[in-house]
Every structure is written in structure tokens, then in C-alpha cells.
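S.K.: From the sequence below, what's the structure:
(2 chains)
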Amino acid sequence: MNKELIKELKVSAIENGTVIDHIPAQSVFQVVRILNLEKFDTQILIGANLDSQKYGKKGILKLSNRFFEKDEINKIALVAPTATLIVIKDFQIIEKRQVEIPGQVSKIVNCVNPNCITNHETITTKFVVIDKDDLKLQCNYCEKITVRESISFV
Amino acid sequence: MKNRSLISISDFTREESLRILDLAEEFEKQPTQNILDGFVIATLFFEPSTRTRLSFESAVNRLGGKVIGFSDASSSSVQKGESLHDTIKTVSNYCDLIVMRHPREGSARYASQVASVPIINAGDGANQHPTQCLLDMYSIRKTQGRLDNLHIAFVGDLKYGRTVHSLVIAMSLHNTTFHLVSPAELKLPSSVKMHIKNKNLQYRQYTDLNEVIPLADIIYMTRIQKERFSDPIEYERVKNAYILNNTMLCKAKPGMKVLHPLPRVNEISTDVDDSSSAYYFQQALNGVYVRQALVATILGVK
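M.R.: I've put the predicted structure just below:
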């Protein structure tokens, strides 16, 4: 069998919905959590540790009949900066773009500062992204900076 | 600026801060006025304080307002496990303005989102202390005749010292040259240094206090705060690192002034108190006028 055909057999196509490709292999389940996919009732295909020419291993999500607002999908850029978003209608790709790190991040990240009020009361966290390249988030409350290496997700 | 909270000094523009300082000058000339008659101000101190709380209360009393509140979390319902959210919601009902100090960083910003009245941050953990900052600026302007183009040395605990953080941010709008003197483990955090860098201002970091004495127009001393250290051995190691005495001041510029947010422990020898460079007790008095200006502005009576 030729390679293209084998690839297609591994993950079936969807008719309408969103495909998120090129997710770093180790981040697939984090993306699932950030997008709250556990709560979806439409068909979801989760592919993990698939072969990728570009990245070695990758993850892919195929979400039938689901479309995202820009802000919503960009949240995953924190864990999957290489991800590609593909919007599909009637088996045709109608849009394809890279995710972008948003200007503000709320709800999904914990503040790194143990003495921050958000770690002691029930408060939705909020950050301003002050550096998109090095990924630095400044807490709206305690003003401390959370860097890429110390990001933990709610 | 009426009804606006003051949480971080960067909430005020350069012009807004200057407006407060100008108004404080008026209150210095006439500190007793009956302009807050009928207003109730709550002072919620979840962490102990002498100067900040008493100068706020003095400021309000001299203007004819009433003060309610507590000076210790153990005498409030926090002791019963009440959340900050619920305390603030409740107290909002009883007053026109809340002045609060709290040991956690970000608590004041959070309170300002919950409260139905404006909040003045009187210190949130190691984060910000904007009213101290305004009185420091007032003291700098009063002693130097200007705020722009000065050389300011910050000495001691630059990492946890919230008064340092607020003042560095504020003075970065005035073309200041910063001389930062601290032990390596207590250097200025990058989130604060960012403000200096964004304005392309000159700064240098030192570990030796003697180096900066001849350069400075203002030496801003700070206490190495025991309560900010989780490790007592670490505290013992750095606590005596920077002590300023009168002999060291012989190399200083003639108009140089020593500021300190107080309380001091041993970082300024008592022999400095009588020198012409000492300004820290007058600085504490200026706090009353600045807080009068701030309260009157936020309540919309000035």
C-alpha cells in the first residue's frame, strides 16, 4: 500500500468540524483539558504519538461539528505553540492557520507566586502576556511574572 | 480620580500623581479642615502597622471624617475563617472608602473588584505600597526642589521591599538614574526592573553601600524584613549587611537626604539622626498630608 493511503487509514476524515494538527506529542491531553473536551457530546478522535515528518511524534484532535472562537482556540498555544488549526466543511478545508499566543490568559493557568491571593481564595486567575516569545505572564493580582518553565494549569 | 481605587502606583499617570502632591502641599499649609464631615472611612489592617494606619486615621480625623476598622486580623471575623471576599463585601456596606493592608500579594486588587466602594492599598504582601510611594515622592520633591533627573540610591532589601517596588516604578517616569544596592539574594525583581528598562533609564547594581554615597541625591534605606524570610539562618546572614553611619556621610553631596519608610532596626545608626542629611522623621509627617490629599480626591471633596 502507498504511504498516503496508510496515513488515511490511521485517522479517518471528518465531514464538518475542526482538526487540530501538529500538537506536541506530550501535550495532547493537556489540550483536551484546556478545551474542556470531556464535556463535548459530539464525536471526538484523539490521536497521540503519531509519526510526524516535521516533529518526529505528534498529536492530532478531530472534533466533529465543533468550531472555535479565536480567543478560545488560542488558549492552547501556551502548551501547543506549533499547533495548526484546520476548519473543515463538507470534507473541504476552508481555513488553515497557526495558533497564536493570546494577549491575555485567564482561568487556565495558576500563578507561580505561593503568596498570591489567587492561590488562597476562590479567584479566577488573570494574566497579561508580556512576552510572547519567551512566554512571560504577569499576574493581574500580585503582578509577579510566571515564566514558561513554571507554568502549571488549573 | 473620584471614586477610583489606588492599588498600584502605576494606576496613576505621572500627572495624576503630581496632582496629589500639589494638593498635599495645600494640606501641609492647612492640615485641619472640616471637609470630610459625614464620611466614614474603614481601615482594615490584616497585618500590623503603626505609621500607615495612624497617619491615615490622623489624616481623616483632621479633616472631620470618621474612622472604623480593625488593626489586627485576630480581632476580626478572619479569625473565624471568613474569606477576604466576604469581609470586603460586608465592610463595603458600612463606609465610603476602604483602606486596607493584607499579607497576601494581589489582595488589594482583588478587593477592588469585589468592593462597591473605592479601595486604597496600604500594602499587599511584598507587592505594592502606593501611598508610601506618594509620600516618598513628596519628600523627594520637597527636599530636592524637583522630581526629574535625580540620582537615587535604593539600599537593602530590594526584593521584598514593597515601598522600593512602588517608588522605582513611579520614579521611572521622572528620568531617574537608579543605584541599586543589595545583597545578591535580595536584588530588585525583574518585574520591577522592567519599568526601568522600558524607559531606557540608567541603572547600576552594587553590593557595596560606600560606592553610591558620593553619587546620590537621595539615599533610600530599607529594613531587611525578618517576616519575609522563611529561613531564619538566611535572615541572620544578611541582616547586618548595610548599616549607614554618620562618618560614611562625609563623602555625600551637600543637599543629599536620607529617606527610610520606617520602622528602622539598625540600618541607620542613631548618630545620623541629628545630621542635616536625615529626613526620615519629616518624611513620616508628610504621610499625613499626602493621605489627606488622596482621601479628599477619591471622595470627590477636592
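S.K.: was I right about B:V168 contacting B:F178?
M.R.: Yes. In terms of C-beta atoms under 8 Å, B:V168 counts as a neighbour of B:F178; the distance is 6.7 Å. Placement of C-beta: from N, CA and C, glycine included.
S.K.: Overlap of the contact sets of those two?
M.R.: B:F154, B:I196 (C-beta atoms under 8 Å, 6 or more residues apart in numbering or on different chains).
S.K.: Which one of these two is surrounded by more residues?
M.R.: B:V168 (26 against 20; other C-beta atoms under 10 Å in any protein chain shown).
S.K.: got the contact list for the more buried one?
M.R.: By C-beta under 8 Å, 6+ apart, the contact set of B:V168 is B:F154, B:F178, B:L188, B:V192, B:H195, B:I196.
S.K.: And B:K66, by the same measure?
M.R.: B:K66 touches B:F39, B:V40, B:I41, B:V60, counting by C-beta under 8 Å, 6+ apart.
S.K.: so how many other residues sit close to the closest residue to chain B within chain A?
M.R.: Proximity of chain A to chain B (C-beta to the nearest C-beta) peaks at A:Y141, 2.8 Å away. Counted with other C-beta under 10 Å, the neighbours of A:Y141 add up to 27.
S.K.: on that earlier part again, closest to chain A among the contacts of B:V168?
M.R.: B:V192 (8.8 Å).
S.K.: mind checking which helix or strand that closest one is in?
M.R.: For B:V192, the host element (DSSP states H and E) is helix B:190-198.
S.K.: what comes up buried for that helix?
M.R.: Using 16 or more other C-beta atoms under 10 Å in any protein chain shown as the test for burial, helix B:190-198 gives B:S191, B:V192, B:K193, B:M194, B:H195, B:I196.
S.K.: Include distance to A:A48 when you put these into a markdown table, please.
M.R.: Converted to a markdown table, the buried residues of helix B:190-198 look like this (distance: C-beta to C-beta, whole Å):
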| residue | distance to A:A48 |
| --- | --- |
| B:S191 | 37 |
| B:V192 | 42 |
| B:K193 | 41 |
| B:M194 | 38 |
| B:H195 | 43 |
| B:I196 | 45 |
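S.K.: close enough to count as contact, B:K159 and B:E185?
M.R.: Yes. Judged on C-beta under 8 Å, B:K159 makes contact with B:E185 at a distance of 7.4 Å.
S.K.: Settle it for me: which of those two has more neighbours?
M.R.: It is B:K159, of B:K159 and B:E185, that has more neighbours when counted by other C-beta under 10 Å, with 19 against 11.
S.K.: What separation is there between B:L249 and chain A?
M.R.: B:L249 is 35 Å from chain A, where distance means C-beta to the nearest C-beta, to the nearest Å.
S.K.: got the phi/psi numbers for the closest residue to that residue other than its chain neighbours?
M.R.: Counting by C-beta to C-beta, 6 or more residues apart in numbering or on different chains, the nearest residue to B:L249 once its immediate chain neighbours are dropped is B:S277, at 5.5 Å. Main-chain dihedrals, B:S277, degrees, to the nearest 10: phi -80, psi -20.
S.K.: Now do the same contact list for B:S277.
M.R.: Going by C-beta under 8 Å, 6+ apart, the list of residues near B:S277 reads B:I219, B:L249, B:A252, B:M256, B:K257, B:V258.
S.K.: Ok, B:S269 next?
M.R.: B:S269 neighbours (C-beta under 8 Å, 6+ apart): B:I243, B:L244, B:N245, B:N246.
S.K.: Next: B:V181.
M.R.: When contacts are counted by C-beta under 8 Å, 6+ apart, B:V181 touches B:153-156, B:158, B:205-209, B:211-212, B:242.
S.K.: Check which element follows the helix or strand of chain B with the lowest mean pLDDT along the chain.
M.R.: Ranking every helix and strand in chain B by mean pLDDT, DSSP states H and E puts helix B:232-238 at the bottom, with a mean of 84. The first helix or strand that comes after helix B:232-238 along the chain, using DSSP H and E, is strand B:257-259.
S.K.: who's in contact with that next one?
M.R.: Identification of contacts with strand B:257-259 by C-beta under 8 Å, 6+ apart yields B:136, B:139-140, B:143-144, B:217-221, B:244, B:249, B:268, B:272, B:277-280, B:283.
S.K.: okay but B:L209 is in contact with B:V155, surely?
M.R.: Yes. With contact defined as C-beta under 8 Å, B:L209 reaches B:V155; the gap is 5.9 Å.
S.K.: Does the residue nearest in space to the middle of chain A fall in a helix, a strand, or a coil region?
M.R.: By C-alpha atoms, centre = their mean, the mean C-alpha position of chain A lies nearest to A:I76, the distance being 2.4 Å. Following DSSP: H, G, I helix; E, B strand; the rest coil, we place A:I76 in the helix state.
S.K.: so it makes contact with A:I101?
M.R.: No. Assessed by C-beta under 8 Å, A:I76 is found out of contact with A:I101, at 9.9 Å.
S.K.: who's in contact with the residue of chain A closest to chain B?
M.R.: By C-beta under 8 Å, 6+ apart, the contact set of A:Y141 is A:C111, A:C116, A:I117, A:T118, A:I123, A:T125, A:K126, B:E105, B:G106, B:S107, B:R109, B:Y110.
S.K.: how near is B:Y279 to chain A?
M.R.: Going from B:Y279 to chain A by C-beta to the nearest C-beta gives 29 Å.
S.K.: Just give the nearest non-adjacent residue to that residue, would you?
M.R.: That would be B:K257: by C-beta to C-beta, 6+ apart, it lies 4.2 Å from B:Y279.
S.K.: Report the beta-bridge partner residues of that neighbour.
M.R.: B:I218 (DSSP bridges).
S.K.: how near is it to B:S74?
M.R.: From B:K257 across to B:S74, the span is 38 Å (C-beta to C-beta, to the nearest Å).
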